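Colleague: what follows is a predicted structure for the sequence shown.
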Protein chains: 2
Amino acid sequence: MKFLKTIEVKKFKDILFSIPRIPLDKEFIPLDESYNRRLYEDIKSNIDVPHFRKSRVDGYAVIARDTFGAEEDNILSLKLVEKIEAGQKPTKKLNNGECSYVATGAAIPENADAIIMVEYTEITRDKVYISKAVPPGENIVNIGHDIKKGELICKKGQLIDLPTLGMLASCGLKEVPVYRKPIVSLMSTGNELVPVGKENLDIGQIYDVNSTVLKKAIENAGAKVSYLGIIRDNFEDLKSAIDRGLKESDIVILSGGTSKGEGDLGSEVLKNYYDVEILIHGVKMRPGKPIIFTKIKEKFVFILPGFPTSALSCYYVFIEDFLRKNSGLPLKIKNSLILEIGERIYSIVGRHEFKPVIIRKDDGVDKIFPIKTGSEAISTLFKADGYIEIEELESIVEKGEKRRFFYFS
Amino acid sequence: MKFLKTIEVKKFKDILFSIPRIPLDKEFIPLDESYNRRLYEDIKSNIDVPHFRKSRVDGYAVIARDTFGAEEDNILSLKLVEKIEAGQKPTKKLNNGECSYVATGAAIPENADAIIMVEYTEITRDKVYISKAVPPGENIVNIGHDIKKGELICKKGQLIDLPTLGMLASCGLKEVPVYRKPIVSLMSTGNELVPVGKENLDIGQIYDVNSTVLKKAIENAGAKVSYLGIIRDNFEDLKSAIDRGLKESDIVILSGGTSKGEGDLGSEVLKNYYDVEILIHGVKMRPGKPIIFTKIKEKFVFILPGFPTSALSCYYVFIEDFLRKNSGLPLKIKNSLILEIGERIYSIVGRHEFKPVIIRKDDGVDKIFPIKTGSEAISTLFKADGYIEIEELESIVEKGEKRRFFYFS
């Protein structure tokens, strides 16, 4: 077992980054629910799109050769044999000298090989007068023009965004094979915690903020949460909750239980596992130092500090991208911005810092400003628009520097 | 009634922007489901956070005066009367000469006014030896330190992000008052359309792509979709579907029925309403020109072209931000990027263009590149990473220019 005590943030990020994706099985889900999921296999179309020849315009389907020679001073006439609206099936095959009206998107009758737009025609009862010749193929969308039957339309691993949803719908797929979501068992530990909503807190009790916040954070990163509740702060209860999490899910995230006092159960419980491959205890970060991470065979356990601000900092800095990588959602850098620092920001040397900041317009440009009344309470995060990370050896981030800013996802 | 035929994109955007937010009622929802919703009213805390005095550290709660004079060469001793773990209620009031062990986060006994960290103590049975004096208040988190009872914690209108969720959870709110979501009635029109998933398409039939794609797009913009299905392409059916939409929802979005041929029912139906305040028919945009928009009293109707690419273009350019403004989600500019054009992009003068583009690294920087094999099919959008908008009078966007790029949301 590799046991690492109080490592650098960068090193921890590298370790997490180097871990291969969790193997995830296939599941079939309705296309309607497949947005932001990842395809488990290549998808080929079972149909041609369109699967019939259709018209690009409102006009008359003709045999092109019948129109040759038509021009404004040489009007030709054709016999109208049918009107075909979008969605209708043509019933009459064209003979020479005949035409059928076709609406935009309507199917084209047999033998027709071109469409004359209505603009170049006049109609009286069943005679259509045409003032323009059209070459074969004019205004016809051929079978398979958009997508051919058997064509590879989407690749294994592809994230289903709106246009992909459109592609799959075009081919009529009702269900799609996707990777199942990574499952995260979430719990809070601490005898002081009570569920949000319980009335009349007793002395010593506080609400379990982390479950509410982390549950949503984890879902936003594309994982499925299995909530195991509030766990009492003793070895047996914690061990059996982690056992259950390891058995039922891919990743276990719990908060609380990392303090350095007598209550530091988390690492005791984890050391107890037979097949621990790596154990990290503590990261040089502020806030969030006492984070614990373990890899046990193909499963992962994160133990976050109990303070909501610290727990959320650890989540953003380490866990969010770990989950995104596994669920296949874009990493958080995609929605980050490079912005200028609008006012000097101080930091503590020797600790990587998670710094909640605000964005304010300055000279018409969005810039990053520090929050003045910082405390460890969640109310400091609340005042922020997002955060920056400040490296271990920086004591000052100077006005005018450019930094990467992340929104709270 | 103001009837506007084929207006500029900018003018249409201005009209949409100038429309006040739809008035939305209050609803109470569980805190767990309130992420990305907007608070309907100011929220004050019903409790102090913390609501008891608690310890910042693992240590001993003392009467500060009892410690005065203690130093490394003047060890004082106190009698240990109780051990208080986090979550426990102290049962013993301190008398002079006494102390109680308190874990981090634990409640502090009556009469105690400071905590000495364990680091400055030694213990033998019930005697605690201290080597440091502490002033009153040391290591104590006072009642209401984070949030005071009655304090305004969140303002009316505020979007509930993760830190806000944390604030509300800290105060124990189980339910929160939020603006209800704007409701959008969605339908597709066209006799050629069949639901995605139906097997064996008949000649003339195509799958209803727009319902699948727009449903998710509208939900992503924070609105609730009421899906009214595929509507037959005739005046009565369309009228009664729009009637139902106007009655049951705030906004009606339908696709299809805007073509300029015989099937242009949408505007006929809308003109028929008695209290139409504004009617826009056609926008100088490509693709998506024939979009129709109506304001009828406080309700809104958008009729989008039937082609999926055109429908989605109109959605992104006009509707997405209209919905976001009303649901209270950030406008799409928030997740856009200013990027350099990596290769000349051509556009048609006289039409505002919605241009699907790809992002590729060039000299190590993300740049915008055109898609070469453009067609009207959804497969062109599918190849793109997102889009840029090109103004009506531009024929070329030159390599090296900077443009705002939007991801497909």
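Modeller: That came through, no problem.

Colleague: from now on I want contacts and neighbour counts done on CA atoms only, so please keep to that.
Modeller: Will do.

Colleague: please, which helix or strand holds the residue of the stretch 251-400 of chain A found nearest chain B?
Modeller: As assessed by Cα to the nearest Cα, chain B sits closest to residue A:382 within the stretch 251-400 of chain A, at 4.8 Å. Residue A:382 is part of helix A:378-383 when elements are defined by DSSP states H and E.

Colleague: which residues are contacting that helix?
Modeller: With Cα atoms under 8 Å, 6 or more residues apart in numbering or on different chains as the test, helix A:378-383 has contacts from A:308-309, A:356, A:358, A:371, A:373-374, B:146-147, B:163-164, B:166-167.

Colleague: can you select the buried ones from these in ChimeraX?
Modeller: One line in ChimeraX is enough to select the buried members of the contacts of helix A:378-383, burial here meaning 16 or more other Cα atoms under 10 Å in any protein chain shown:
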select /A:308,309,356,358,371 /B:146,147,163,164,166,167
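
Colleague: from the contacts of helix A:378-383, pick the one nearest residue B:349.
Modeller: residue A:358 (41.3 Å; Cα to Cα).

Colleague: thought the closest one was touching residue A:366?
Modeller: No: Residue A:358 is beyond contact range of residue A:366, at 9.8 Å (criterion: Cα atoms under 8 Å).

Colleague: joint contacts of the two?
Modeller: Shared contacts of residue A:358 and residue A:366, defined by Cα under 8 Å, 6+ apart, are absent.

Colleague: partner strands of the strand or helix carrying residue A:281, parallel or antiparallel?
Modeller: Using DSSP H and E, residue A:281 sits within strand A:276-283. If you go by DSSP bridges, strand A:276-283 pairs up with strand A:2-7 (parallel), strand A:292-296 (antiparallel).

Colleague: mean pLDDT and mean neighbour count added to those, as CSV?
Modeller: Output for these, formatted as CSV (pLDDT from 0 to 100; neighbours: other Cα atoms under 10 Å in any protein chain shown):
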stretch, mean pLDDT, mean neighbour count
strand A:2-7, 82, 14
strand A:292-296, 93, 22
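
Colleague: need these in CSV (columns: distance to residue A:152).
Modeller: Putting the strands paired with strand A:276-283 into CSV (distance: least, Cα to Cα, whole Å) gives the following:
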stretch, distance to residue A:152
strand A:2-7, 45
strand A:292-296, 38
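
Colleague: make sure residue A:246 is indeed in a strand.
Modeller: No: with DSSP: H, G, I helix; E, B strand; the rest coil as the criterion, residue A:246 is assigned helix and is not in a strand.

Colleague: so it makes contact with residue A:253?
Modeller: No: contact criterion Cα under 8 Å: residue A:246 and residue A:253 do not qualify, at 10.3 Å.

Colleague: between the two, which is the more surrounded one?
Modeller: residue A:253 (23 against 19; other Cα atoms under 10 Å in any protein chain shown).

Colleague: got the domain ranges for chain A?
Modeller: Segmentation of chain A into domains, based on automatic domain parsing, reads A:2-24+A:181-333, A:26-49+A:145-179, A:54-141, A:336-407.

Colleague: off-centre distance for the helix holding residue A:382?
Modeller: Remark: helix A:378-383 is offset 26 Å from the chain centroid, using Cα atoms, centre = their mean, to the nearest Å.

Colleague: repeat for stretch A:16-28
Modeller: 15 Å.

Colleague: is chain B within reach of that stretch?
Modeller: No: Stretch A:16-28 lies out of reach of chain B by Cα under 8 Å from any Cα of the partner chain, never closer than 13.9 Å.

Colleague: contacts for that stretch?
Modeller: A:40, A:175-182, A:250, A:298, A:318, A:322, A:325-326.

Colleague: and those, which two are the farthest apart?
Modeller: A:175 and A:318 (33.9 Å).

Colleague: which strand runs longest in chain A?
Modeller: Counting by DSSP state E, the longest strand found in chain A is strand A:352-362.

Colleague: name the residues of that strand that come out as buried.
Modeller: Within strand A:352-362, the residues scored as buried using 16+ other Cα under 10 Å are A:352-359.

Colleague: so can I have CSV of these showing distance to chain B and pLDDT?
Modeller: Below are the buried residues of strand A:352-362 laid out as CSV (distance: Cα to the nearest Cα, whole Å; pLDDT from 0 to 100):
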residue, distance to chain B, pLDDT
A:352, 21, 94
A:353, 18, 92
A:354, 14, 93
A:355, 14, 93
A:356, 11, 93
A:357, 13, 95
A:358, 13, 94
A:359, 12, 95
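
Colleague: quick check: the farthest pair among those?
Modeller: Most distant of those, by Cα to Cα, are A:352 and A:359, 21.1 Å apart.
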